[in-house]
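Asks: Quick check, what structure comes out for this input:
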Amino acid sequence: MKLIVNVSIIMPCYNEVQHIAKCMESIVANDFPKNKLEVLIYDGGSTDSTLNILKEYTQKYSFIHVKSNNRKIQAAAMNLGIKEAQGDIVIRMDAHTVYEKDYISQAVKLLNETSAVNVGGPQAGQGNSYFTNSLVMALSNAFISGNAVYRSDKNVQQYVDTVYLGAWHKKDLEAIGGFDESFMVNEDYELNYRLRKKSGQILFSPKIKSTYYARSSLFKLIKQYFRYGFWKAKTLKKHPASLKIRQMAAPLFILTLFFSIAFTFCQNYYLLWLLSGCYVIVFVLLSRSSLNMKNIKYVPAVFFIALFIHLSWGVGFFAGLIRWCFYK
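Replies: Purely as a prediction, here's the structure:
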């Protein structure tokens, strides 16, 4: 008889009243044996009805536990979970996401049958409005995601730099000291870099399926990507060798835009027009496979979402360089 490995799900959570019930229902519906499963939810002090909803699940299911995350950040929640987890395998889940019925069992199977130290699947988005549908298309577009496999529609299992969420053997996380709690954002990429540096492999598999719900407003999106850029600068300061060419696209765009505007003040508009033209051309070339006549109505929104993402990520990156390189 094949031994079923104990699994601990760790979920950081904060003010997820809109999505938490759908998330929990998908976890409960998973086909992994519940007597071999525990769900550890670390709430960062939710001020909406998230905890009331979670209380209903803890009362109904003994394998679900809600705990406090006083530091509020996700890295702290993950480390608390790693310390308290009873399972041999740790799976990170997000309260903003709904999981396929075999999500847990597929992750466990791949961890046990491959040499990977972390396995994860694609970040497939779900929208419910013109803006969120446009955002989902934008985030899977090569113009924004570059060669990030987990955000593309690639259906090929392969080893990569990082994956969406993740599943690990607990001992591998403990061996590298868990997540770095000095990171409020980008803690997952930083952890995966350390795993790869120790000759660990990160496996992307389209079999590990889930659906996340896109940000509901442009302001939230801008804030999110500013933070991504800001904390990417800290990652590069700690791990300079982790730099990828695609990560420099937004900062280079900001630099070029800055000089273009400077030339414009000198009554020289050519550089700004050239930059604008190049931006549009590259957008069209990289968007041909994902945007067609069927979804042409989303093209203008996808373009402007891409522009705001590049601007906010790039500005955040330079703000991060100033913060992490010049201030203690």
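Asks: for the residue nearest to Phe263 when sequence neighbours are not counted, phi and psi?
Replies: Once flanking residues are discounted, Phe263 sits nearest to Leu271: 4.6 Å by C-beta to C-beta, 6 or more residues apart in numbering. Every C-beta, even on glycine, is put in place using the N, C-alpha and C of the backbone. The phi and psi values for Leu271, taken as degrees, to the nearest 10, are phi -60, psi -40.
Asks: Now do the same contact list for Leu271.
Replies: 259-260, 263-264 (C-beta atoms under 8 Å, 6 or more residues apart in numbering).
Asks: try 7 Å
Replies: Each residue near Leu271 by C-beta atoms under 7 Å, 6 or more residues apart in numbering is listed here: 259-260, 263.
Asks: Please enumerate the helices of the stretch 51-200 of the chain.
Replies: For the stretch 51-200 of the chain, helices defined by DSSP state H, counting those that start in this stretch occupy the ranges 74-84, 103-113, 130-139, 142-145, 170-175, 187-197.
Asks: Figure out which of the ones you listed is closest to Leu221.
Replies: Judged by C-beta to C-beta, the one of these that comes nearest to Leu221 is helix 130-139, at 6.7 Å.
Asks: If you count contacts, what does that closest one end up packed against?
Replies: On a contact count with 3 or more C-beta pairs under 7 Å, 6 or more residues apart in numbering; DSSP states H and E, helix 130-139 meets strand 124-126, helix 299-326.
Asks: quick one: strands adjacent to the first one?
Replies: What it means is strand 124-126. Based on DSSP bridges, the strands next to strand 124-126 in the sheet, each with its direction, are strand 210-213 (parallel).
Asks: and the strand it pairs with, how far from the chain's centre?
Replies: The chain centre lies 11 Å from the centre of strand 210-213; the measure is C-alpha atoms, centre = their mean, to the nearest Å.
Asks: quick revisit: filter the contacts of Leu271 down to the ones in helices?
Replies: When DSSP state H is applied, those are split such that 259-260, 263 fall in helices.
Asks: can you list the weak-confidence ranges in the stretch 201-328 of the chain?
Replies: 265-269, 286-294, 327-328 (pLDDT under 70).
Asks: how much space between the residue lying closest to Met184 once chain neighbours are set aside and Gly121?
Replies: The spatial neighbour of Met184 that comes closest, neighbours along the chain excluded (C-beta to C-beta, 6+ apart), is Ile73 at 5.0 Å. Counting by C-beta to C-beta, to the nearest Å, the separation of Ile73 from Gly121 is 24 Å.
Asks: Which one's more surrounded, the two?
Replies: The neighbour comparison of Ile73 against Gly121 (other C-beta atoms under 10 Å) goes to Gly121, with 26 against 19.
Asks: May I have the beta-bridge partners of that one?
Replies: Beta bridges link Gly121 to Tyr164, judged by DSSP bridges.
Asks: I'd assumed Ser205 was in contact with it.
Replies: Yes: in this structure Gly121 lies within contact range of Ser205 using C-beta atoms under 7 Å: 5.8 Å.
Asks: for Ile9, helix, strand, or coil?
Replies: Secondary structure of Ile9, reduced to three states by DSSP: H, G, I helix; E, B strand; the rest coil: strand.
Asks: Let me know whether it touches Val39 as I believe.
Replies: Yes: look at Ile9 against Val39 with C-beta under 7 Å: they come within range, at 4.6 Å.
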